[in-house]
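**Student:** What shape does this take:
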Amino acid sequence: MDRNHLLLFVKLLETYIQLLMCLATIRVWLIECEEKEAQWIDLGNNTLDTLSKRSTEIHHITRESDDNCIYELRMDRNTFAVLCDLLQTRGGLLYDGLVTIEEQVATFLNILAHHKKTDVFKLDSIGQGKQPTPVANDCTDNRWKWFQGCLGAIDGNYIEVNVLDSDKPRYRTRKGSIAMNVLGVCNRDMNFVYVLAGWEGSATDSRVLRDVITRHNGLKILVDNYYLADGGYINGEGFLAPYRGIRYHLREWEGNTRAPTNKEEYFNMKHSQARNVIERCFGLLKRRWAILRSPSFYPIRIQGRIVIACALLHNFIRTHMALDPEEYTSSNVEDMPIREEQPNQFQIVDVVESICYS
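**Tutor:** Model prediction:
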């Protein structure tokens, strides 16, 4: 065999080896495709199985028993159905082909109620809506008859949050917790009229109020009407605060030996009894939605929107349920709102602009 024949044989051998390698590569690729296809089939079967189980569980929660529905979703079956219809017809919530509207709503409510992840199942403000009804001159309610023209009460409340380390100094409260300062306004029926969430925990109540009354969608108060406020706010048009330097909190009036001794103390006692509605409102909000009782790991803007959503759902439940079971549930210490006494800072808010409605 001469040299030319030998070179030709080597080239043919190289070509044959390359062809074998190409065939081996194709074979490996086909095997990988078969494995991926099998995985996708298994994943699809598992997804369908999970969706089927979730659908069955949600059907059990929302269709079989009011007690179970209230425990899991904080509302009875009829109220849940009304909410789903409202979100579909007015909110634009759509069925995506896999998860029904009822399942989407139930999953969201369950996360809020129990602070669970989405796979576990066994704005920054509420704008002022309908103007609350002021206390009439002929009111007979012993709690409110002393405050003709009063619309409700206002207060700030701390909701613990998770933020970046660089932002923690701004969100640190006077007692060291990391929280946002949420301003809430409620009427006499313990429904929220206005909520502003997102201010840092280091901000004082009066500073947050200044923001509320100066923004275009802020709190508006009718002439001759007002909200009850604590000593953290100044007396001004639209707000009525207690006498300062005189005992005020309800616990200071407990017992027969602690009766008021003058008109200022008597006023503060009645003021505290009526203004307590906003503290009860925040306490009920936190007792109903566990996600507000401990920090969540959503972005801070989302955490603010969660507060708003919980307040809106609180109003919705109290409007559509004949009896709110959470209101008559004994409260635990951990369920009560985080509250801190704030120093009087009266230089920030001078007066609240009142408007007339025709």
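**Student:** ok, residue 103 - how many residues close by?
**Tutor:** 20 (other Cβ atoms under 10 Å). For glycine as for every other residue, the C-beta is placed from the backbone atoms N, C-alpha and C.
**Student:** Could you verify my assumption that it touches residue 56?
**Tutor:** No: if you go by Cβ atoms under 8 Å, residue 103 and residue 56 don't touch, sitting 10.7 Å apart.
**Student:** quick check: longest strand of this structure.
**Tutor:** Longest among the strand segments of the chain by residue count, using DSSP state E, is strand 150-160.
**Student:** helix or strand right after that strand?
**Tutor:** Sequence order places helix 168-171 as the next helix or strand after strand 150-160, per DSSP states H and E.
**Student:** just for the chain, where's the confidence low?
**Tutor:** Residues of the chain meeting the criterion pLDDT under 70: 1-2, 40-54, 116-130, 255-257, 328-358.
**Student:** So which residues of it form strands?
**Tutor:** For the chain, the strands defined by DSSP E cover 125-126, 150-160, 179-186, 192-200, 221-222, 226-228, 239-240, 354-355.
**Student:** helices and strands around the fourth one, which ones?
**Tutor:** Judged by 3 or more Cβ pairs under 8 Å, 6 or more residues apart in numbering; DSSP states H and E, strand 192-200 is in contact with strand 125-126, strand 150-160, strand 179-186, helix 205-214, helix 300-320.
**Student:** List of residues touching the last one?
**Tutor:** Spelled out, that is helix 300-320. By Cβ atoms under 8 Å, 6 or more residues apart in numbering, the surrounding residues in contact with helix 300-320 are 74-75, 78-79, 82-83, 109, 112, 123-126, 159, 161-163, 167, 180, 182, 184, 189-192, 195, 197-198, 284-285, 288-289, 291-292, 296, 298, 324.
**Student:** Relative to residue 322, how far out is the residue positioned nearest the centre of the chain?
**Tutor:** Residue closest to the average C-alpha location in the chain (Cα atoms, centre = their mean): residue 307, at 2.4 Å. From residue 307 over to residue 322 the distance is 26 Å, taken as Cβ to Cβ, to the nearest Å.
**Student:** helices or strands next to the helix ranked longest in the chain in the packing?
**Tutor:** Ranked by residue count and defined by DSSP state H, the top helix of the chain is helix 3-63. The contact analysis (3+ Cβ pairs under 8 Å, 6+ apart) places helix 3-63 against helix 66-73, helix 77-89, helix 101-114.
**Student:** Brilliant, that's me finished.
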